[in-house]
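Engineer: Predicted structure and sequence below. I'll ask about it afterward.
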Amino acid sequence: MASRPPSIDALARSIADVGLPHALLVEAARSAVAAGEPAEARAMAEETALALLRPVVNATGVLLHTNLGRAPLGAHSPARPANVELDLATGSRGSRQSHVAPLLARLTGAEDAIVVNNGAAAVLLVLAALAASRPVVVSRGELVEIGGGFRVPEVMNSSGAHLVEVGTTNRTRLADYRRALDASPDVALVLKVHQSNYRIVGFTESVSVRELSQLPVPLVVDLGSGLLDSTTPWLEGRPPAWLAEEPAVRQSLRAGAALVTFSGDKLFGGPQAGVIAGRRELVARCARHALARAVRPGGLVLSALQDVALAYLRRDASSIPFWRMATSPVDEIRERAAVVAEKVGSPASVTACSSVPGAGSAPGQAIPSFGVAVAGDLLAPLRRCDTPVIARVQDGRTICDLRSVDPSDDGVLADGLARAVAVGPRDDRLSGPASGATGRSRRSSGDTPPRATETR
């Protein structure tokens, strides 16, 4: 006689320590019983828990890791209304662009600015507002593809603008742009796109912003990375060496760009957002376009962006997590790595390594760092810690780069690494509630930092 299946409710209650709402536990229990494997209910619930958005420790060495939300942000908003679209001076309806946009204009030297919900939306809105049904000239060497497979030609097509390609992949001259303008008198814009996530080296040639600004149509520069000012006045001392070739918003506008677009969650160090800054009349046309409402940011984004903008104006880089990570002295990072390695014990060791800015910023540039290394692939058990740790595997070792880890998380990293060492390489066994049961070990995606070398 076949045994009766267990009570769904009783099975759900037996896995309550996973920490999910009872309804989700019941769903996992029901699925397990239907599959004839009631013992798998916990594993199914833990997989659900792993799929939820949660804080992690970024030990990859990629400071702006796209898969981990790019710039870390400690913004907190009180549970009360805010004057998102209220003018406190008059009591009448205001604009959600009136709070942070003037701060961004001041920081960049622009006449005006507006904020949208991401960098691609900024480009899309500019093209739709200023170039719908008209040609836009772009160098073939700048027809980039960004994360998720989105390409400049596709964004342009969605806006209604017509792409006019000039030059070649490796060489584009000012004469190429001039010929395009002569052939198409109705050209609306010249678009210059920063090659933010790759480099073309060797037999190359491109045209500067200053040269392009002399053409008889507005120049729009999509910088993407969001470096406000190449002189980095918010930092003490000279700009970091890894920023030497990174174009900046203020300098691009000074060189003659009519508009500059950039992201809020890259080198700016804020929340996901897109910024359009430049000539007042062009910004106003973008703000009036119907698409502007569809891509506008919410109050939480505006508040977080405002906090970061005010930190720049105070020249307080220490309150911006990205700049704290990027500029931490390497000796301090070595000391932190030594403390973590000591807490983990054998077989952990301190290793010299290199971090990268990430998110397509400063491609090919590395920042010296130190981390903790353990032999084998521990990525899967690290991901299943109560606070998941995201690391990288290199030359058969798991490397936890301390530059991308907030110092307050050093203890969490040490505990997670010790647990992973106890579980063993590529072992998905559980070591605590909500840790997950199944899953496959994969290398963390994103920019790959250079090699690490062990130090003793």
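Structural biologist: Nice, thanks for sending it over. Just so it is clear, the structure is predicted and the values come from calculations on it, not from any experiment. Numbering: from 1, shown residues only.

Engineer: Show the pLDDT at residue 169.
Structural biologist: Residue 169 carries a pLDDT value of 84.

Engineer: Return the residues in contact with it.
Structural biologist: Shown in contact with residue 169 (Cβ atoms under 8 Å, 6 or more residues apart in numbering): 140-141, 200. In this view, the C-beta of every residue, glycine as well, is placed from N, C-alpha and C.

Engineer: Shouldn't it be within a helix?
Structural biologist: No. According to DSSP: H, G, I helix; E, B strand; the rest coil, residue 169 belongs to no helix; its state is coil.

Engineer: how close does it sit to residue 24?
Structural biologist: Residue 169 sits 50 Å away from residue 24, going by Cβ to Cβ, to the nearest Å.

Engineer: Show me the domain layout of the protein.
Structural biologist: As assigned by automatic domain parsing, the chain contains the domains 23-53, 56-67+324-454, 101-297.

Engineer: Have a look at this protein and report its longest strand.
Structural biologist: Using DSSP state E to define each element, the chain has its longest strand at strand 367-375.

Engineer: Adjacent strands (with direction) for that strand?
Structural biologist: Its sheet considered, strand 367-375 pairs with strand 349-355 (antiparallel), strand 397-401 (antiparallel) by DSSP bridges.

Engineer: Could you identify the least confident member of the contacts of residue 169?
Structural biologist: Out of these, that is residue 200, at 72.

Engineer: you'd agree that residue is up against residue 170?
Structural biologist: Yes. Counting by Cβ atoms under 8 Å, residue 200 does reach residue 170; the two are 5.5 Å apart.

Engineer: Now do the strands in the stretch 251-400 of the chain.
Structural biologist: Per DSSP state E, counting those that start in this stretch, the stretch 251-400 of the chain carries strands over the ranges 259-263, 274-278, 349-355, 367-375, 389-390, 392-394, 397-401.

Engineer: can I get the ones you listed in JSON lines with mean neighbour count, distance to residue 129 and mean pLDDT?
Structural biologist: Shown next, in JSON lines, are these (neighbours: other Cβ atoms under 10 Å; distance: least, Cβ to Cβ, whole Å; pLDDT from 0 to 100):
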{"stretch": "strand 259-263", "mean neighbour count": "29", "distance to residue 129": "10", "mean pLDDT": "96"}
{"stretch": "strand 274-278", "mean neighbour count": "28", "distance to residue 129": "9", "mean pLDDT": "97"}
{"stretch": "strand 349-355", "mean neighbour count": "23", "distance to residue 129": "38", "mean pLDDT": "97"}
{"stretch": "strand 367-375", "mean neighbour count": "25", "distance to residue 129": "38", "mean pLDDT": "97"}
{"stretch": "strand 389-390", "mean neighbour count": "24", "distance to residue 129": "39", "mean pLDDT": "98"}
{"stretch": "strand 392-394", "mean neighbour count": "19", "distance to residue 129": "41", "mean pLDDT": "95"}
{"stretch": "strand 397-401", "mean neighbour count": "26", "distance to residue 129": "42", "mean pLDDT": "97"}
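
Engineer: Fine, thanks again, bye for now.
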